[in-house]
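Trainee: Pasted the sequence and its predicted model underneath.
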Amino acid sequence: MFTKILIANRGEIACRVIKTARRMGIRTVAVYSDADRDALHVEMADEAVHIGPAPAAQSYLVIDRIVEACRSTGAQAVHPGYGFLSEREAFADALKAAGIVFIGPNPKAIAAMGDKIESKKAAAAANVSTVPGFLGVIESPEHAVTIADEIGYPVMIKASAGGGGKGMRIAHSSAEVAEGFARAKSEAASSFGDDRVFVEKFIVDPRHIEIQVLGDKHGNVVYLGERECSIQRRNQKVIEEAPSPLLDEATRRKMGEQAVALARAVNYDSAGTVEFVAGQDRSFYFLEMNTRLQVEHPVTEMITGIDLVEEMIRVAAGEKLRFSQDDVKLNGWAVESRIYAEDPTRNFLPSTGRLVAYRPPEEGADGAAVIRNDTGVTEGGEISIYYDPMIAKLVTHAPSRAEAIAAQARALDAFAIDGIRHNIPFLSALMAHPRWQGGKLSTGFIAEEFPDGFAMPEPQGEARLRMAAVAVAIDHLLNARKRQISGQMREPDAVRFASERVVAIGGGAIDATVSELDEGPVIHLKDAGQEHVLPVISSWRPGDRVWHGTVGGARATMQVRPILNGVRLDHAGASVEARVYTALEARLMALMPEKTSADTGKHLLCPMPGLVKSIAVVEGQEVKAGEALCIVEAMKMENVLRAERDATVAKLLAKEGDSLPLDAVIMEFK
Amino acid sequence: MRDIIDKLEERRVQARCGGGEQRIAAQHKRGKLTARERIELLLDAGSFEEFDMFVQHRCTDFGMDKGDKIPGDGVVTGWGTVNGRTVFVFSKDFTVFGGSLSETHAQKITKIQDMAVKMRAPIVGIFDAGGARIQEGVAALGGYGEVFRRNVIASGVIPQISVIMGPCAGGDVYSPAMTDFIFMVRDTSYMFVTGPDVVKTVTNETVTAEDLGGARVHTTKSSVADGAYENDVEALLQMRRLIDFLPANNLDGVPEWPSHDVPNRVDMSLDTLIPDNPNKPYDIKELILKVVDEGDFFEIQATYAANIVTGFARVEGRTVGIVANQPMVLAGVLDADASRKAARFVRFCDAFGIPIVTFVDVPGFLPGTAQEYGGLIKHGAKLLFAYSEATVPLVTIITRKAFGGAYDVMASKHTGADVNYAWPSAQIAVMGAKGAVEIIFRADLGDPEKIAARTKEYEDRFMSPFVAAERGYIDDVIMPHSTRKRIARALAMLRHKEAERPWRKHDNIPL
């Protein structure tokens, strides 16, 4: 076994590999760029080597630097994580030449599977069912259109070297193929340094189901069940689970055996993932094979009890697999949410900046469930523009799917992040979504269920009452303290605080009275004629960011942010401002005029900090709603900003190459 | 007896009606509350005791003796409590003679002012009025003068707060102007010495009341107001919050309540607050919120001269004043506006015995003709003066830059601060390395290599807290994560600080 390994990655995956290595008694070496000097993976590793400036192309993607870092530290093997160099044949080759073990499959397997076109040929040869498409290299937009016409629409254009949805486009017409081809090619070139793309049939209403395989250098290959990753946004996975609610035992076995057959065909000797697109009828087609550890591997680990990183290290060291297919048992259900630095209410635009608060829920047992949080950041860390905007992967494991989802929802409620925008509200809303809970998934789920994007919903029903009760309990606690301020007058009647209150919550109001018991206040709510008595027990104190406790005997977790004269509460996928008034205050508040915010329709504001790539209009030009105005690049993603209504461009205030902050005015309209 | 008692109740009901239902409805329609409703919101329920409810004006000119004599005469006065602590209050009643000030109206206010000073309790004035009662002429002017004089006598003895909740023009503006704080309500309040009509006549300038003296003008341009709120209720609830921070007077010391926060709470995220790049800004408010009790901070003048942050917070349940350079705005530079803003805040804290915690990250004073012509020298001197004359406990933390004269100004050891700490990231120097090298090694300017080497040399020597620490200008270099604990201990140690000054009538701050 190795005594020292280097992790050629950053962020959560580097931390995750270090954890396993440490448990196995292996020393670890981290590498870091200028932007990651203070990163968690650097702190966790036994040693750390600086490998260059912030852009990945000058640090994490420079093979020579990594090899040199191995040499200087004496690392015997390299774990590549995912992304970066993990599927570069050249990297595996370079390590081999330097006598360093690559903790991953052999270079030939990477070559065979890493290229999406080659892999399809191999899959077809191994009798794996595949999607109709053109497997050759496409030369021009015209060529792409001809091929697409042959296959029949819709088709998908994908980067040959790509993964994780980058450089992937769906086209419904020849015109869209022509346009998408050029864009996919340029994105492929900028993201992967390889501009080859290919075209294949697009399956309608598909589900994304993938099989985890694991092989050793002795010809043994097993499959570790499936993961379903159908909840995607723009082909980027958002929620993953294992097992899949779609599969039955027979389909699982069929998919597993095909995956193993493919792995055997290329002498696969590490952890890998065979991705399938599945129809609602449980038909399935090979999509691609990822010759690396997958982002969503933890859900498989949770239901199999197998540490995939440990197995990768062991097989890389030449050990035989310690278990056979019959030993693999799936136990319970695991759900993973990817927590991204992106604003769900602003079309998921990336958000960067300092993590002013970062308080994940506590890992470990939570009733019958287990919480696991794979993360690479700490409070005070920085989400930079240079890398993937994923902050953490929150995983819950429980005996049943429903329990795993409930645990995930609670854990999301307890996950506090400030300083950047993030998608936790959206994830919470997904967890509460009946269609998700019912397991009726497809990769179009988000586009279908949130056609107009995501707006933070106001709480309804019981969640609303719970939040009102907590708001009253918080107000009660603050009032109790005010009663203890120094310098009070002596009066025959001490300061009286009315026990009658009105909770202004969202647009509505709920009458409340408070009575006191030893263990905490009892909140009596009167809402639309209905009375509710909710005892509230909590150890929450002013300044705490997360409220844990019970409301009416049921566990509840919510986030608390102080606002002027009240609190903002986030709970169960909803967010609301709550202010607790006395009856007098409420009566007078009702007399106050409602104010509307100022009109911003006359300006195009920069929706995220980024670089102006191009401006498509000139001053005086008339634009139609939906027309492209300019492209702003952030986090390597090009975002096309479009006109929201018909207008005339009055003035351009930014130019190509400008680096703009959030909400900077790009142009004015008449 | 019964009928006499009934009669009293009848007169009370009549007085409480102010200008009558119609006028009250009109007031509500404008989005404003009545004088009495405002007082009810400000004070603890049932605690208000009204004085002079039956006062009437004595004017007989211009038919004033013929119309209705409305009891109260356009202002409601009295006292009550805010969370049990005594507060005096007067509230202009727009429904009665437009809240205009008559001789008797002024007498009601001065009675309350006198009592507030005698009882050493804060006074809150709520303004919503049409200025002097013109029918009374000089009697009204005399009344104003009496109010102004009392504002000055009370200044520095009891906190005086003015809340502008409607028109406040002409003579009415000067009483608020001499109080400690002015707060406004957006869209329904304005303040100016001369209104749009006069402006038009005299200067031919056309301007709306909102653009001349609305809340936005006074909280961003003129600095007349210390804050603004969306409506009357929001504003008055926040006044209750502010009063909880303020001492009752200049002798009682700060109020205290049990803190739910731990004094020795460490915050590891502060260790990465200062960016690696010295030219990159960071938000000083994050530091303030993470250091003070429960993240509770009442900011004063948040939208004016935002390059310096001022406001009230608590440490171990006791009020402190916070002054901090804000690197997010103009790199935290000191300019005339920021200096004046902070100077006034420091003097308020000093007058009322509120300890001051200062966070320093200042690249210097803002250069330029606009600043020099605007009297930066004397405005900067105000802040220097204010810190130097302060005798309250002063705790200073230098987080990053403390350059040049601005280092001295920002509560340095030399001007009398008690405890001065620096973070390891602090750079206490006469100027940035680049500028310094270009002066010291002017001869080498043609040689970029030499200059780079000199710059490095200068950085290594001076761009740290240790040169200052070697001289004792800094008492200790502290870990950012332990800042709260160190501040809490310093304040505890300084609790009974006594600083004597030689007798003088008063100082002569460069106004």
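Mentor: Nice, I can see it.

Trainee: Got the domain ranges for the chain?
Mentor: Reading this off chain A. Using automatic domain parsing, the domain parsing of chain A gives A:4-103, A:132-201, A:332-456, A:461-482+A:497-589, A:603-669.

Trainee: My question was about chain B, not that one.
Mentor: Here the domain parsing of chain B from automatic domain parsing is B:2-245, B:268-426+B:464-493, B:432-462.

Trainee: Could you export the ones you listed to CSV, including columns for distance to chain A, mean neighbour count and mean pLDDT?
Mentor: No exception for glycine: its C-beta is placed from N, CA and C like everyone else's. Below are the domains of chain B laid out as CSV (distance: least, CB to the nearest CB, whole Å; neighbours: other CB atoms under 10 Å in any protein chain shown; pLDDT from 0 to 100):
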stretch, distance to chain A, mean neighbour count, mean pLDDT
domain B:2-245, 3, 19, 92
domain B:268-426+B:464-493, 3, 21, 96
domain B:432-462, 18, 14, 87
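
Trainee: Tell me, please, the helix or strand in chain A that averages the lowest pLDDT.
Mentor: In chain A, the helix or strand scored least confidently by mean pLDDT, DSSP states H and E is strand A:637-642, which has a mean of 72.

Trainee: Touching, residue A:616 and residue A:642? I think so.
Mentor: No - applying CB atoms under 8 Å as the test, residue A:616 and residue A:642 come out as separate, 9.7 Å apart.

Trainee: so what sits against both of the two?
Mentor: Common neighbours of residue A:616 and residue A:642 (criterion: CB atoms under 8 Å, 6 or more residues apart in numbering or on different chains): A:627, A:628, A:629.

Trainee: how near is residue B:92 to residue B:98?
Mentor: Taking CB to CB, to the nearest Å as the measure, residue B:92 falls 9 Å from residue B:98.

Trainee: Mind listing the shared neighbours of those two?
Mentor: Jointly contacting residue B:92 and residue B:98 under the rule CB under 8 Å, 6+ apart are B:74, B:129.

Trainee: re earlier: out of the domains of chain A, flag the one nearest residue B:493.
Mentor: Residue B:493 sits nearest to domain A:461-482+A:497-589 of all the domains of chain A, at 24.1 Å, using CB to CB.

Trainee: For that closest one, measure first residue to last.
Mentor: 24 Å (CA to CA, to the nearest Å).

Trainee: pLDDT of it, averaged?
Mentor: Averaged over domain A:461-482+A:497-589, pLDDT sits at 93.

Trainee: wait, does it contact chain B?
Mentor: Yes - contact of domain A:461-482+A:497-589 with chain B (CB under 8 Å from any CB of the partner chain) involves A:481-482, A:497-498, A:541-543, A:562, A:564-565, A:582, A:584-585, A:588-589.

Trainee: Count the neighbours of the closest residue to residue A:605 other than its chain neighbours for me.
Mentor: Distances taken as CB to CB, 6 or more residues apart in numbering or on different chains put residue A:663 closest to residue A:605, at 4.8 Å, once the chain neighbours are dropped. As a burial measure, residue A:663 scores 12 neighbours (other CB atoms under 10 Å in any protein chain shown).

Trainee: and stretch B:268-275, how far out from the chain's middle?
Mentor: Mean C-alpha position of stretch B:268-275 versus that of the full chain (CA atoms, centre = their mean, to the nearest Å) differs by 29 Å.
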